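Asks: Sequence first, predicted coordinates after that:
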Amino acid sequence: MTVEFENVTTIAAPIEVVFDLSLDIDAHLASMADSGERAIAGTTSGLIGLGETVTWRARHFGIPFTMTSKVTEWDRPHRFVDEQIRGPFRSFHHEHRFEASESTTVMTDRIRFDAPLGPIGRVVEHLVLGRYLRTLIAARGQYLKGEAERRG
C-alpha cells in the first residue's frame, strides 16, 4: 500500500534561492547531519541537475542504508522530482514544488513511497516509516528555511 504525504514550508526568500538550495547536496547533508548521511557516488557536492544521480549512505533506526536517487523532472524554479532508482524502498518519489508570492516562497514537498517486505512492510510503512519520514522532511524544510532566509 502506498503512503503519501505533503509538507509545506513558507520561506521569506526569493523562489530561485529556495529552488537552488533544495538541489544543493551540501545543504541536504547539513540538514540530515543527525543521521550521519553522506553522499558517496554520483553528484556528491554542489547542485544536482536533471538526469543526475546521487547515492546516499545513512544510518536510520540504527541500520545503515544506501539509496541512489535521480532527478527525473525539472522546471526551474517551480518544480523538480527525484526518485529512488536503487535502495531500500520498493518505490520512492519526491516532488518538490515552489510558488512565489510577494515576499515569500511556498515550498511543498510531496512524498510517495512503498516499503519492501510485502505485508510486514505495509504495517511498517504506516506505523513507523511514514511518521519517521514526515519528521525528516519537516526538519529538512525548517533547515532550508533558515538557510534561504539568511542568504535571501
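Replies: Great, that's in hand. Numbers count the residues shown, from 1 in each chain.

Asks: contacts, neighbours, all on C-alpha from now
Replies: OK.

Asks: count of neighbours near F113?
Replies: Using other C-alpha atoms under 10 Å, F113 has 21 other residues around it.

Asks: That one touches E4, doesn't it?
Replies: Yes: under the criterion of C-alpha atoms under 8 Å, F113 is in contact with E4, at a separation of 6.7 Å.

Asks: can you list the weak-confidence ranges in this protein?
Replies: In the predicted model, the chain carries pLDDT under 70 at residues 117-128.

Asks: And the helices in it, which stretches?
Replies: In chain order, the chain shows helices spanning 15-22, 25-31, 118-124, 130-151, with DSSP state H as the criterion.

Asks: Touching the longest strand seen in the chain from outside, list them.
Replies: Ranked by residue count, the top strand of the chain under DSSP state E comes out as strand 63-75. Counting by C-alpha atoms under 8 Å, 6 or more residues apart in numbering, the neighbours of strand 63-75 from elsewhere in the structure are 48-59, 79-88.

Asks: Narrow these to those in strands?
Replies: Checked against DSSP E, those include these in strands: 53-59, 79-86.
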